[in-house]
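Asks: Pasting the sequence and the predicted model now:
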Amino acid sequence: MRNLIRYIFITLLVFSFLNSNSQEWVVADDIASIQNPSPYTLQNVNKGKELYLKNCKSCHGDAGKNNALPLVPIPPDVTSAQMHANSEGALFHKITAGRGTMPQFETSISEDDRWRIVNYIMNFNPANEPLLVDAPKINAKLLGSVNEAEKKVEVLAEFQDKDGIYKKLANTPVFINSKKTFGKIKIGQATTDENGRAVYQIPETVVGDAEGKIDIIISMEDNYTVNELLLENAKVCAPNVAENLFDEAVLWGTNDRLQPWLLVSYLAIAVGAWLAIFYVVFQIVKIKRLGKE
């Protein structure tokens, strides 16, 4: 009888879960009416595609292939009528908040990039002109220098036109990265002006080596074929001063340097030692009393 009741209880739980996840996901009107602040451009759609392939394809599958994971409910194809029954605001909310088997991406994907994913999805909406095309990459080249006195990186970007002539590349982002042992880390980006030039101020928070030097890599978006520009030993950062933890009691010098686990361990040992002392004294006193009796 108990096994039967347990079986019925588990069945009801599973049915309730499946039923709740199969219900239509309705978004409030005030949220659904939010307009996409990210322009519907080829650049944003391509970036949205990149983000989709990295974060969403594993469940929703390839666009137009209807090869989503067999979850409950089945994740809709990005080209489907079910997907495009959602407004841009509704899509953004669902990507942000998640529900059931749909994870939330509020903490793992920036707000701007979530809107770019919406741009990618809207690329397949029949009401929009498709922008996602496999255009050939543009040949480009980068020149750059470092102004160590002002801690700035100056860049000149050019592209090759159909006649093979290099011309100034205007209104284009260039990325400033720090070279590391196993790759590079993005520091920031700048946009070229009408003359193809961009200036980037190195933030004061960037730390270099002991002399304040870093190796800077300048790169561009994936739709350009370009050799990354390496600017070595640029002295534009705050020096990295390594402290010897065993010098002048640095480890215990200030409270913010003390690890919580170390403090707890120390207090536990101290309390335990005092308890042991009190216990020994108590036992000695007890033995003396018993001896007198």
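Replies: Cool, got the structure. Please read these numbers as outputs of a predicted model, since none were measured by experiment.
Asks: Would you confirm that Lys152 contacts Ile202?
Replies: Yes - with contacts counted by CB atoms under 8 Å, Lys152 reaches Ile202, the gap being 6.9 Å. Placement of C-beta: from N, CA and C, glycine included.
Asks: hey, what's in contact with both of those two?
Replies: Shared contacts of Lys152 and Ile202 (CB atoms under 8 Å, 6 or more residues apart in numbering): Val236.
Asks: Among these two, which residue is more densely surrounded?
Replies: The neighbour comparison of Lys152 against Ile202 (other CB atoms under 10 Å) goes to Ile202, with 24 against 15.
Asks: Now Tyr120. Nearest residue, chain neighbours left out?
Replies: Gly48 (2.9 Å; CB to CB, 6 or more residues apart in numbering).
Asks: which SS state does the one you found fall under?
Replies: With DSSP: H, G, I helix; E, B strand; the rest coil as the basis, Gly48 sits in helix.
Asks: Can you tell me the number of residues neighbouring it?
Replies: Neighbours of Gly48 using other CB under 10 Å come to 24.
Asks: do the one 3 residues further on as well
Replies: The burial count assigned to Leu51 is 20, neighbours taken as other CB under 10 Å.
Asks: Figure out how far the host helix or strand of it is from the centre of its chain.
Replies: Using DSSP states H and E, Leu51 sits in helix 42-55. Mean C-alpha position of helix 42-55 versus that of the full chain (CA atoms, centre = their mean, to the nearest Å) differs by 14 Å.
Asks: Touching the helix or strand just after that helix from outside, list them.
Replies: Counting by DSSP H and E, the element after helix 42-55 in chain order, helix or strand, is helix 57-60. Contacts to helix 57-60, defined as CB under 8 Å, 6+ apart, come from residues Tyr52, Ala68, Leu69, Leu71, Pro75, Pro76, Asp77, Val78, Thr101, Met102.
Asks: avg pLDDT for helix 57-60?
Replies: Averaged over helix 57-60, pLDDT sits at 91.
Asks: cool, stretch 239-246 as well?
Replies: Here the average pLDDT along stretch 239-246 is 66.
Asks: any idea where the strands of the stretch 151-293 of the chain begin and end?
Replies: 152-160, 166-168, 173-180, 183-191, 197-201, 213-219, 224-225, 229-235 (DSSP state E, counting those that start in this stretch).
Asks: which residues are contacting the fourth one?
Replies: To tie it back to what came earlier, the one meant is strand 183-191. 155, 171-178, 198-200, 202-203, 206, 216-217, 219.
Asks: sorry, back to before: gap between the residue nearest to Tyr120 and Lys235?
Replies: Per CB to CB, to the nearest Å, Gly48 is found 38 Å from Lys235.
Asks: same thing with Ala28?
Replies: With CB to CB as the criterion, Ala28 and Lys235 are 54 Å apart.
Asks: try Asp209
Replies: 9 Å.
Asks: and Asn139, what is it in contact with?
Replies: By CB under 8 Å, 6+ apart, the neighbours of Asn139 are Phe159, Gln160, Tyr224, Thr225, Val226.
Asks: tell me the angle of the helix or strand where it lies relative to strand 197-201?
Replies: Per DSSP H and E, Asn139 falls inside strand 138-147. Angle, strand 138-147 to strand 197-201, by axes from the mean of the first three to the mean of the last three CA atoms, to 10 degrees: 50 degrees.
Asks: May I have strand 138-147 exported as CSV, CA atoms only?
Replies: Extracted in CSV, the C-alpha atoms of strand 138-147 (Å, rounded to 0.1, in the frame of the first residue of the first chain):
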residue,chain,number,x,y,z
ILE,A,138,37.2,42.5,-45.9
ASN,A,139,40.9,42.8,-46.1
ALA,A,140,42.2,45.4,-43.6
LYS,A,141,45.4,46.4,-41.9
LEU,A,142,46.2,48.1,-38.6
LEU,A,143,49.0,50.6,-37.7
GLY,A,144,49.5,51.8,-34.1
SER,A,145,51.7,53.4,-31.5
VAL,A,146,51.8,54.0,-27.8
ASN,A,147,51.9,57.4,-26.1
